[in-house]
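what follows is a predicted structure for the sequence shown.
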Amino acid sequence: MHWVFFIILGTIFVLYHPVFSVYFSHDDFFHFKVSQTDGTLGGFLNLFGFHPFIERGIAFYRPVFREALFNIFYSLFGLNHLPFRILSIGIHFLNVGLVYLLMQKLFQKRELALFISFFFGITAANVGSLYYLAGGVQSLGATTFVLLTLLSFWKWLEQGGKWYLLSFFAFILALGSHELAVVTPLLLLGLLFVQKRLKQDVKATIPFFVVLSVFLYLDLFLIGFSSAEAQYQPTLSPKTILNSLSWYSLWALGIPEMFIDFVEPGFNLNPNLMKFWGDYASGIFFFGGIAVTIFTASAVFVFRRAIKDRKFWFLLFWFPIALSPVLLLPLHKQTYYLTPALPAFWGAVGLVVFSAYSWLKKRSGAMINILAGVFLLSLFLLSVISIALADKTYPAANRGRIAQKLVNEVKVKYPNLPKGVAVYFTNDPNYPKISGDWGGSSKQAAFILNKEDALQLFYKDPTLRVFYEDFGGIPEDLPKEKVYSLVARIQ
């Protein structure tokens with residue numbers, strides 16, 4: 001089995017290795033900034049406190065994979081992005097292994113567990129979690145601890161003893177990583193349902209629900225969040241929620257996240273899709289269509305068997321429940337939120353396809369092997385094409401490369417800056433005018449560098465001021481000799 005896993009991890013590395021060249025951008029710099037302390041142990045431990053939003057401007061409780069992680073990495077590596085990228089891929093590799101172990105326990109079928117862990121690992125839905133560091137590493141980390149909670153709880157059901165405490169501790173860390181983990185106690189009930197021990201052991205989940213209740217109160221009412229941010233305004237419309245769930249299902253399959261930008265009301269495609277994506281779009285539609293067609297046909301053959309399988313219902317429950325914290329946020333759909341739900345998606349796909357394969361092989365012989373090969377190849381190529389496209393078009397990928405270019409240009413022009421000065425970015429006259437809201441190159445640079453955060457972190461100078469032409473230019477009271485100017489070239 002070891003060589004198979006090396007193939008899986010090697011394939012993931014080959015598909016996602018471009019991520020190692022992507023620098024920090026925007027929210028990454030913000031997270032580095034807010035994670036800074038006075039350098040004392042007390043200051044570091046204070047990162048794990050529940051601080052009101054109005055105090056620090058940070059919503060949600062995520063100290064494990066946000067404040068603590070960014071604090072440690074900046075202390076050790078500064079703005080060297082490579083160690084952070086290695087960590088992110090490493091966590092993803094770990095999750096692939098944990099998914100295999102959990103699915104092996106669930107199905108007791110090695111080939112099926114390998115199928116699930118392979119497509120969990122390569123699907124283009126991982127573009128969000130691997131390219132967008134600020135949110136992605138939190139989702140990856142939360143997924144690790146959710147999977148460890150489930151695995152440890154399963155071991156406790158089998159063996160008893162210390163596994164219960166390990167499961168509970170992993171759950172605490174999951175809650176401290178991302179609020180997506182709030183659904184974990186419900187998934188524990190799902191495990192009890194699968195093993196027909198719901199009545200017998202439901203009391204074991206009570207401490208999980210108690211901690212969850214306390215966490216939700218502190219997170220929602222003590223910390224809170226900005227009511228002015230439209231993307232965090234929830235909706236209870238069934239139609240809107242179903243629309244979001246449909247998009248998450250397409251993304252889980254391997255459809256690029258940015259596809260949503262080209263779909264108009266009535267599911268009409270914007271004609272610019274082919275203009276901007278060209279052959280990529282053709283490949284995505286072709287291989288995606290084949291995969292969906294074969295899967296749909298497989299589901300028809302095994303429908304009666306599937307609805308009697310407790311494992312199938314558990315996976316069908318897991319997927320939307322894992323997404324429930326964000327399904328109510330239609331303006332904030334992101335693929336990195338999918339990570340804790342992906343094991344369920346690929347588990348359900350694998351269960352249906354393997355069941356259909358077993359049923360049909362007895363009747364159609366070699367023909368079903370060809371069909372199975374076409375299905376696997378189509379799924380694989382769908383993600384290969386989507387990942388290649390995302391490396392060119394995904395916002396976090398482009399912003400990261402531009403941020404590195406901007407920081408390097410500042411570094412070359414001004415290797416050292418005295419205290420109390422300002423850096424001023426002017427517009428590039430060659431930058432094309434896209435729209436009034438888009439602005440010039442300096443406005444885009446301000447967004448990518450998160451205004452003053454990137455350069456303050458780079459020069460390790462919290463007094464450094466950074467101004468941009470599109471945001472009012474230089475204050476009149478600032479002496480010209482303290483202003484260091486350069487053009488914001490982002491092309």
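Structure's in. What do you need?

drop to CA atoms for contacts and neighbour counts, all remaining ones
OK.

how far away is the residue lying closest to R110 once chain neighbours are set aside from L464?
Among residues not flanking R110 along the chain, Q104 sits closest, at 6.0 Å (C-alpha to C-alpha, 6 or more residues apart in numbering). Per C-alpha to C-alpha, to the nearest Å, Q104 is found 54 Å from L464.

likewise for Y131?
Y131 is 28 Å from L464, where distance means C-alpha to C-alpha.

same check, this time on D477
Distance, D477 to L464, by C-alpha to C-alpha: 16 Å.

who has more neighbours, the two?
Neighbour comparison, D477 and L464: the larger count goes to L464, with 19 against 6 (by other C-alpha atoms under 10 Å).

and the more buried one, backbone torsions?
L464 has phi and psi values of phi -60, psi 130 when expressed as degrees, to the nearest 10.

what sits against it?
K419, G420, V421, A422, V423, E452, L455, Q456 (C-alpha atoms under 8 Å, 6 or more residues apart in numbering).

now the helices for the stretch 1-150 of the chain?
With helices called from DSSP state H, counting those that start in this stretch, the stretch 1-150 of the chain shows them at 2-16, 27-34, 41-45, 53-56, 69-77, 81-107, 110-122, 126-131, 133-159.

strands of the chain, start to end?
Using DSSP state E, the strands assigned to the chain run over residues 263-264, 268-269, 422-427, 465-468, 483-488.

for V64, find the nearest of those.
Closest approach to V64 among the strands of the chain (C-alpha to C-alpha): strand 465-468, 30.0 Å.

and the nearest residue to V146 once chain neighbours are set aside, how many neighbours?
Once flanking residues are discounted, V146 sits nearest to A174: 5.9 Å by C-alpha to C-alpha, 6+ apart. The criterion is other C-alpha under 10 Å. On that basis, A174 has 29 neighbouring residues.

give me the low-pLDDT residue ranges for the stretch 251-400 of the chain?
Under the criterion pLDDT under 70, the flagged ranges of the stretch 251-400 of the chain are 266, 365.

I figured S442 hits N427, correct?
Yes. With contact defined as C-alpha atoms under 8 Å, S442 reaches N427; the gap is 5.0 Å.

which one of those two has more residues nearby?
Per other C-alpha under 10 Å, whichever of S442 and N427 has more neighbours is S442, with 26 against 21.

the more buried one and F30, how far apart?
18 Å.

for the residue lying closest to V410 once chain neighbours are set aside, name its beta-bridge partners.
Nearest residue to V410, sequence neighbours excluded (C-alpha to C-alpha, 6+ apart): L486, at 7.6 Å. For L486, the beta-bridge partners are F425 (DSSP bridges).

okay, now L242: neighbour count?
Neighbours of L242 (other C-alpha under 10 Å): 14.

and what of the one 5 residues further on?
With neighbours defined by other C-alpha under 10 Å, the count for W247 comes to 19.

next one: it from Y336, what distance?
From W247 to Y336 the distance is 13 Å (C-alpha to C-alpha).

check L382 too.
Counting by C-alpha to C-alpha - L382 and Y336 are separated by 18 Å.

those two: which is more packed in?
Using other C-alpha under 10 Å, the more surrounded residue of L382 and Y336 is L382, with 27 against 23.

hmm, P256 and that one touching each other?
No. Contact criterion C-alpha under 8 Å: L382 and P256 do not qualify, at 9.4 Å.

alpha carbons of stretch 63-76, in PDB - could you do that?
Extracted in PDB, the C-alpha atoms of stretch 63-76 (Å, rounded to 0.1, in the frame of the first residue of the first chain):
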ATOM      1  CA  PRO A  63      -6.300  31.200  17.100                       C
ATOM      2  CA  VAL A  64      -4.700  27.800  16.300                       C
ATOM      3  CA  PHE A  65      -4.400  28.300  12.600                       C
ATOM      4  CA  ARG A  66      -4.600  32.100  12.500                       C
ATOM      5  CA  GLU A  67      -3.000  34.200  15.200                       C
ATOM      6  CA  ALA A  68      -0.700  31.500  16.700                       C
ATOM      7  CA  LEU A  69       0.400  30.100  13.400                       C
ATOM      8  CA  PHE A  70       1.000  33.400  11.700                       C
ATOM      9  CA  ASN A  71       2.800  34.700  14.800                       C
ATOM     10  CA  ILE A  72       5.200  31.800  14.900                       C
ATOM     11  CA  PHE A  73       5.900  31.700  11.200                       C
ATOM     12  CA  TYR A  74       6.600  35.500  11.000                       C
ATOM     13  CA  SER A  75       8.900  35.200  14.000                       C
ATOM     14  CA  LEU A  76      10.800  32.300  12.300                       C
END
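
buried residues in it?
Neighbour counts over stretch 63-76 (16 or more other C-alpha atoms under 10 Å) mark P63, V64, F65, R66, E67, A68, L69, F70, N71, F73, Y74 as buried.

could these go into a markdown table alongside distance to G49 and pLDDT?
Putting the buried residues of stretch 63-76 into a markdown table (distance: C-alpha to C-alpha, whole Å; pLDDT from 0 to 100) gives the following:
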| residue | distance to G49 | pLDDT |
| --- | --- | --- |
| P63 | 8 | 95 |
| V64 | 11 | 96 |
| F65 | 14 | 96 |
| R66 | 13 | 95 |
| E67 | 11 | 95 |
| A68 | 11 | 96 |
| L69 | 15 | 97 |
| F70 | 16 | 97 |
| N71 | 15 | 96 |
| F73 | 20 | 96 |
| Y74 | 20 | 96 |
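
ok, the residue positioned nearest the centre of the chain - contacts?
Nearest to the geometric centre of the chain sits Y336, at 2.1 Å (C-alpha atoms, centre = their mean). By C-alpha under 8 Å, 6+ apart, the residues touching Y336 are A125, N126, V127, G128, S129, Y132, G135, G136, S139.

now with 6 Å, please.
Listed by C-alpha atoms under 6 Å, 6 or more residues apart in numbering, the contact set of Y336 reads G128, S129, G136.

and which of those residues is nearest I434?
Checking the contacts of Y336 against I434 by C-alpha to C-alpha gives G128 as the nearest, at 25.6 Å.

deepest of the helices of the stretch 1-150 of the chain, which one?
helix 126-131 (a mean of 27; mean count of other C-alpha atoms under 10 Å).

that one - what's its average pLDDT?
Here helix 126-131 scores 96 as its mean pLDDT.

still on that earlier bit, dump the strands of the chain to TSV, plus distance to T296.
Below are the strands of the chain laid out as TSV (distance: least, C-alpha to C-alpha, whole Å):
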stretch	distance to T296
strand 263-264	23
strand 268-269	22
strand 422-427	52
strand 465-468	53
strand 483-488	50
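
what's the closest of these to F319?
Closest approach to F319 among those is made by strand 263-264 (23.6 Å; C-alpha to C-alpha).

each with direction, which strands does that closest one pair with?
strand 268-269 (antiparallel).

what's in contact with the strand it pairs with?
Strand 268-269 is contacted by residues F262, V263 when judged by C-alpha under 6 Å, 6+ apart.

next one: I12, what pLDDT does it get?
Per-residue pLDDT puts I12 at 97.

can you list the contacts of Y336 in a markdown table and add distance to S117?
Converted to a markdown table, those look like this (distance: C-alpha to C-alpha, whole Å):
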| residue | distance to S117 |
| --- | --- |
| G128 | 18 |
| S129 | 16 |
| G136 | 19 |
